[in-house]
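Peer 1: Let me see the structure of the following:
(2 chains)
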Amino acid sequence: MANANIIQFKHVTKQYDNDSPVLDDVSFEIERGKFYTLLGPSGCGKTTILRIIAGFTEPTSGEVFFNGKKINQVPANKRQVNTVFQDYALFPHLNVFENVAFGLRIKKLKNAEIQTKVKEALSFVNLSGYEKREISEMSGGQRQRVAIARAIVNEPEVILLDEPLSALDLKLRTEMQYELRELQRRLGITFIFVTHDQEEALAMSDEIFVINKGTIQQSGTPIDIYDEPINRFVADFIGESNIVKGKMIKDYLVEFVGRQFECVDMGFNENEPVEIVIRPEDLEITSLERGKLQVKVDSQLFRGVHYEICGYDIDGNEWLVHSTKKAKVGTEIGLYFDPEAIHVMRLGETEEEFDRRLETYADVDRHGK
Amino acid sequence: MENKLTRNLYKVPYLLWILLFVIIPIALVLYYSFFDIEGHFSLGNYQKFFTPVYLQMTLSSFWYAFLITAISLIIAYPTALLLTKTKHKQLWLLLIIVPSWINLLLKAYAFLGIFGTYGISNSFLKVIGIGQQQILFTDFSFVFVSVYIFIPFMILPIFNSLNELNPTLVDAAKDLGASKWTTFRRVIFPLTIDGVKSGCQVTFIPALSLFMLTRLIAGNRVITLGTAIEQHFLVTQDWGMGSTIAVFLIIIMVLIMLLTNTRKRGV
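Peer 2: Next up is the predicted model:
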């Protein structure tokens, strides 16, 4: 039981009839006590992963392990996981107390014990005193909390959350993000959270799995994924990015928009075609002469925290800039960026190759010092 | 102004209908119930209703209606549950509904042929060695044919409420550790109870006043309130007594509606 991995997927594929697979040879490990997020656009397969863990669907092939034991055949009601559903799935014919007590009653606990546990769970989600309320009398945010209480009261080893915040308004959603994260830390239970909202994923997770078209594109901490996206999809999906085609001249020197720039990436073949990512907030508006790039401002939006400026360079590439400085539409401006701001992506690189390449960087750094 | 006028115009067919086919008939029934067979005003009919003959009849009506409803429910619920899980559920539902479009009398006559002494069912019984039986004009055949006739009406509301049931609620119950049976008992059934209630209403209430089948299939061996009303109006010409029974039938129906409509909330 000392096993750190609580859940493991080995080459899991899920396919309906002869359609293209919903999940295509997915393997990963989930460590105990961490907050994981499965992030991806709708229809990418993230909910299917959750349903396989919960036991609502069986994988077509591959193996699923829980605490080191294979659980492919174990029915949902025998698994030590509990789910918080997207629409909460609270029982409308039962009041708040009975909803939370549902799992405990099935376990045939003594009434007094049920009373204490339900009270405790409700106070955990700040709903003390709401026991007698009907579900129809609760607001969206309160129902959300009831659903969480109903899951945690069973003391599962893993809690699965299927886009639980998507039905809430922005303010409540941000509030619940803090609360969920806080709750996970206090309980120390593994959370697996499914969302298509990248900000939510970045704010809450220990680890993010970025999923697209049934495969895991990249996994890592929020910072890893934001700073070192593996491919165009990840770079585009997580945050906003400027992606242009380029060529790796040699180590630490890259060419794009017809110019050569100093960068911090290495380990590529000479003159290898690559893609360049520069985040909008890493671009700084400056004079034409000081700028490393010159773009013509096409449009400008006021976003509150910053201006979002859109411009085109001489090659016709679009450049998105987030700046607190205003620009004038129609004028030419210079853009300045540091060598560290350039992120170079190899075309068609798998996650394993990517990780291996990153490790060589670390070695070089160590030798260099 | 014109709007108001057209709105009032729309009301006309409804009000006419209610007046001609609901209010006037009920008033007439009530009116006739206060006259004895000679045409004198009296409360005798009401007194007569509380004699053992009529009470026995009421009891037997209730008993058969209860039997028919209970058996229909026992068959209809699993059927509806199965239907919601099939791929082309609307088609299967339609196939079950279709027989209800055929006239009740026709179906009754069809069963006369099937259950008769030389009918299919007796030939079958002979083949498997049980031998010829008296099927027609028994309680069994009466209940059987009634159930057959009422089953679509029982299935439909149950099917609808099962169909509207949010499937994630079933997932949620499983997720919380409930077995299939517990999920059914604690989630599916309580949430479809409204469908069951309306199914029972549309079965039980008409079953109370069945009279065609009692004659054709049960050979007048089963006397219900419906049969009694028919007899009084057409045979004994005692319209007063017939109306009185009808008044009680209406009262009973209203009571059943009220009873089955109370919504129970939470535990």
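Peer 1: separation between A:G330 and A:N317?
Peer 2: A:G330 sits at a distance of 18 Å from A:N317 (criterion: C-beta to C-beta, to the nearest Å). Any C-beta I mention is one placed from the backbone N, CA and C, and that applies to glycine too.
Peer 1: same deal with B:L208?
Peer 2: Using C-beta to C-beta, one obtains 81 Å as the distance from B:L208 to A:N317.
Peer 1: more crowded one of those two?
Peer 2: B:L208 (22 against 17; other C-beta atoms under 10 Å in any protein chain shown).
Peer 1: Verify the stated contact: that one with B:M253.
Peer 2: Yes: counting by C-beta atoms under 8 Å, B:L208 touches B:M253, with 7.3 Å between them.
Peer 1: Quick check: nearest residue in space to residue 125, chain neighbours excluded?
Peer 2: Because you didn't say which chain, this covers chain A. Nearest-residue entry for A:V125: A:R145, 4.0 Å, with adjacent residues in sequence omitted and distances by C-beta to C-beta, 6 or more residues apart in numbering or on different chains.
Peer 1: oops, chain B please
Peer 2: Counting by C-beta to C-beta, 6+ apart, the nearest residue to B:L125 once its immediate chain neighbours are dropped is B:Q133, at 5.8 Å.
Peer 1: now swap in A:Y130 and tell me
Peer 2: A:V96 is the one closest to A:Y130 (C-beta to C-beta, 6+ apart), at 5.1 Å.
Peer 1: Surely that neighbour touches A:V125?
Peer 2: No: A:V96 sits out of contact with A:V125 when judged by C-beta under 8 Å, with a separation of 10.6 Å.
Peer 1: Pull up the overlap in contacts between the two.
Peer 2: A:V146 (C-beta atoms under 8 Å, 6 or more residues apart in numbering or on different chains).
Peer 1: Neighbour count: those two, which is higher?
Peer 2: Set side by side, A:V96 and A:V125 show unequal neighbour counts under other C-beta under 10 Å, the larger going to A:V96 at 27 against 22.
Peer 1: any idea how far that one is from A:G129?
Peer 2: Per C-beta to C-beta, A:V96 is found 10 Å from A:G129.
Peer 1: Any idea how far stretch B:195-203 is from the middle of the chain?
Peer 2: Its chain's C-alpha centre lies 8 Å from the corresponding centre of stretch B:195-203 when counted by C-alpha atoms, centre = their mean, to the nearest Å.
Peer 1: quick one: it near chain A?
Peer 2: No: contact between stretch B:195-203 and chain A is absent, the nearest approach being 13.4 Å (criterion: C-beta under 8 Å from any C-beta of the partner chain).
Peer 1: which residues touch that stretch?
Peer 2: Contacting residues not belonging to stretch B:195-203 are listed as B:68-69, B:72-73, B:76-77, B:80, B:150, B:153-162, B:189, B:256-257, B:260-261 [C-beta under 8 Å, 6+ apart].
Peer 1: I'd like to know which of the residues you listed are buried.
Peer 2: If you count burial by 16 or more other C-beta atoms under 10 Å in any protein chain shown, the buried members of those come out as B:68-69, B:72-73, B:76-77, B:80, B:150, B:153-162, B:256, B:260.
Peer 1: Please list the members of these that lie in helices.
Peer 2: Among these, the members found in helices (DSSP state H) are B:68-69, B:72-73, B:76-77, B:80, B:150, B:153-162, B:256, B:260.
Peer 1: Need the residues that contact the helix or strand containing A:S299.
Peer 2: Assigned by DSSP states H and E, A:S299 belongs to strand A:293-302. Counting by C-beta under 8 Å, 6+ apart, the neighbours of strand A:293-302 from elsewhere in the structure are A:257, A:259, A:288, A:307-314, A:319, A:326-335, A:337.
Peer 1: Just the buried ones from these?
Peer 2: Once neighbours are counted (16+ other C-beta under 10 Å), the buried part of the contacts of strand A:293-302 comes down to A:257, A:307-311, A:313, A:319, A:327, A:333-335, A:337.
Peer 1: Nearest to chain B among the residues you listed?
Peer 2: Minimum distance to chain B across these is 38.4 Å, recorded for A:E308 (C-beta to the nearest C-beta).
Peer 1: any idea which element the residue lying closest to B:G119 once chain neighbours are set aside lies in?
Peer 2: With C-beta to C-beta, 6+ apart as the criterion, B:G119 has its nearest non-adjacent residue at 5.5 Å, and that residue is B:G113. Element membership for B:G113, per DSSP H and E: helix B:104-115.
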